[in-house]
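K.L.:
One predicted model, sequence on top.
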Amino acid sequence: MIDEFFIKEEFRSKGVGKRLMEEAMKKFKKLNPNIVIIGTDKTNKEAINLYKKMGFKIRKESLWFYLNMEKIKERV
């Protein structure tokens, strides 16, 4: 399982993400999974476009909730 990976801004739009995904897909194929699930923020258009080009389909949009603990500390 790959939890997260990011491409540093100075390396974006240079094919680095595509090459990493291609290598990851080679590894996945050897594991013979039933499904590969990828998540990204819906505002990350570059990642969404890459995943679509690689054949991924949007299955559903998920909601993620974040809590800024600094704000909680101020209230307590």
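P.N.:
Yes, it's here. In this text, all values refer to a predicted model and were calculated from it rather than measured experimentally.
K.L.:
Which helix or which strand is home to the closest residue to Val36 other than its chain neighbours?
P.N.:
Nearest residue to Val36, sequence neighbours excluded (CB to CB, 6 or more residues apart in numbering): Phe28, at 5.6 Å. (Each C-beta comes from the backbone N, C-alpha and C, glycine too.) Taking DSSP states H and E as the definition, Phe28 sits inside helix 16-31.
K.L.:
Could you do Leu50 as well?
P.N.:
In the assignment (DSSP H and E), Leu50 maps to helix 45-53.
K.L.:
Show me what counts as buried in that helix.
P.N.:
The neighbour-count check on helix 45-53 (16 or more other CB atoms under 10 Å) flags Ala47, Ile48, Leu50, Tyr51 as buried.
K.L.:
just how off-centre is that helix within its chain?
P.N.:
Distance of helix 45-53 from its chain centroid, counting by CA atoms, centre = their mean, to the nearest Å, is 10 Å.
K.L.:
Take it, keep the C-alpha atoms, and write them as CSV.
P.N.:
In CSV, the C-alpha atoms belonging to helix 45-53 read as follows (Å, rounded to 0.1, in the frame of the first residue of the first chain):
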residue,chain,number,x,y,z
LYS,A,45,-6.6,19.2,-11.5
GLU,A,46,-3.1,18.0,-12.6
ALA,A,47,-3.4,14.8,-10.6
ILE,A,48,-6.9,14.2,-11.8
ASN,A,49,-5.9,14.6,-15.4
LEU,A,50,-2.9,12.3,-14.9
TYR,A,51,-5.1,9.6,-13.4
LYS,A,52,-7.7,9.9,-16.1
LYS,A,53,-5.0,9.6,-18.8
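K.L.:
Contacts for it next, please.
P.N.:
Arg12, Ser13, Gly17, Lys18, Met21, Ile38, Thr40, Asp41, Lys42, Ile58 (CB atoms under 8 Å, 6 or more residues apart in numbering).
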